[in-house]
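Peer 1: Requesting a structural model of the entry that follows:
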Amino acid sequence: MNRRVTKAIFPVAGLGTRFLPATKSIPKEIMTLVDRPLIQYAIDEARAAGIKEFIFVTSRGKGALEDYFDHSPILEDSLRSKGKTDLLETLENTNMESGAIAYIRQHKALGLGHAVWCARRLIASDEPFAVILPDDVIAGDKPCLQQMVEAYEESGGCMVAAMEVPPSAASSYGILDVENDFGSMVSVRGMVEKPEPGKAPSELAVIGRYILAPSVLENLSRLGSGAGGEIQLTDAIAAEIRAGRDVFGYRFRGQRFDCGSKAGFLQATVAFGLAREELRDEFAAYLREMTSLPHAAQ
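Peer 2: Residues are numbered from 1 along each chain as shown. Next up, the predicted model:
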């Protein structure tokens, strides 16, 4: 049986420049989708998958992110004294137990691979680990990482979340070179980071969920810069394939929203808002009204 995945790395050192000026004073990961910050969706997904230890790779100016997971005794006491038990329970879900969370600084913006490498001393030499990118919010009946963990228990190796993208979008992703297609899973013989137009080996793109063997960290230690002048995580995973170790792509069941872009964030806001029973009717009526007035916001 494969060792259980109980640690996850959250690379959250980015500056969020696509959301300026909002991200001038708050980390992008604290921006709220309906009533929860992006990072809370990632944490909830990790917990559902059995993650017990949470490693955040941060940078300067991310203090609000650290504060978010701390206890707030004054607020908690106020809610308790007023009998607001529902709100108190909601608040308690944002707290982390002492020792469950660690923060590592990425001092130079050298890419996703470098961010993961920064956490190497917190991962044992025989310990698989997950990587979650909070920008990718995935809605599904079963959380994406939980689906992957269940599949990993049977397959082992390294596993990346994957979804089909149109050829015109392939140059924005890491693309899988598929060896065998088993339906929900594919075996991978190669990975290409942001291929040139027309040169993608498939339409299966890597999305921001990974289950990785600790040897990937050793690969990262030996890598130089790749596409875009950054240290690419896909290059370190591709090195596993060259070493004869298994790498799989997992077609998750759910809808992915790219909340690292403004359009994707707005799309997620609509989808998650309509999914909330207490908001659905009023919000849907408003959307119908707005779409019937094409120039309403001009």
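Peer 1: Backbone dihedrals for G183, please?
Peer 2: phi 100, psi -100 (degrees, to the nearest 10).
Peer 1: meant to ask about E53
Peer 2: phi -130, psi 130.
Peer 1: count of neighbours near it?
Peer 2: 16 (other C-beta atoms under 10 Å). Where C-beta positions appear, they are placed from N, C-alpha and C, glycine not excepted.
Peer 1: Look up which residues are beta-bridged to it.
Peer 2: Counting by DSSP bridges, E53 forms beta bridges with K7.
Peer 1: That one contacts A8, doesn't it?
Peer 2: Yes. Using C-beta atoms under 8 Å, E53 is in contact with A8, at 7.5 Å.
Peer 1: which SSE is F257 in?
Peer 2: Using DSSP states H and E, F257 sits within strand 255-258.
Peer 1: what does that strand rub up against?
Peer 2: 135-140, 163, 207, 264-265, 267-268, 271 (C-beta atoms under 8 Å, 6 or more residues apart in numbering).
Peer 1: ok, now stretch 260-280?
Peer 2: 18-19, 28, 31, 33-34, 135-137, 139, 255, 257-259, 283-284, 287.
Peer 1: ok so, going back, if any of the contacts of strand 255-258 are buried, give me the PyMOL selection for them.
Peer 2: Applying 16 or more other C-beta atoms under 10 Å to the contacts of strand 255-258, the buried members can be selected in PyMOL as follows:
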select buried, resi 135+136+137+138+163+207+264+265+268
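Peer 1: Tell me which of the contacts of strand 255-258 has the lowest pLDDT.
Peer 2: Within the set of those, pLDDT is lowest for G140 (90).
Peer 1: mind showing which ranges of the stretch 151-298 of the chain have poor pLDDT?
Peer 2: 224-229, 293-298 (pLDDT under 70).
Peer 1: what about the helices in it?
Peer 2: 215-222, 233-242, 262-275, 277-291 (DSSP state H, counting those that start in this stretch).
Peer 1: hang on, the earlier thing: go through the strand holding F257 and flag the buried ones.
Peer 2: 256-258.
Peer 1: and what of stretch 118-130?
Peer 2: Neighbour-count burial for stretch 118-130, counted by 16+ other C-beta under 10 Å, picks out 118-120, 123, 128-130.
Peer 1: Kindly indicate which of those lies nearest G190.
Peer 2: G190 has its nearest neighbour among these in P128, at 21.6 Å by C-beta to C-beta.
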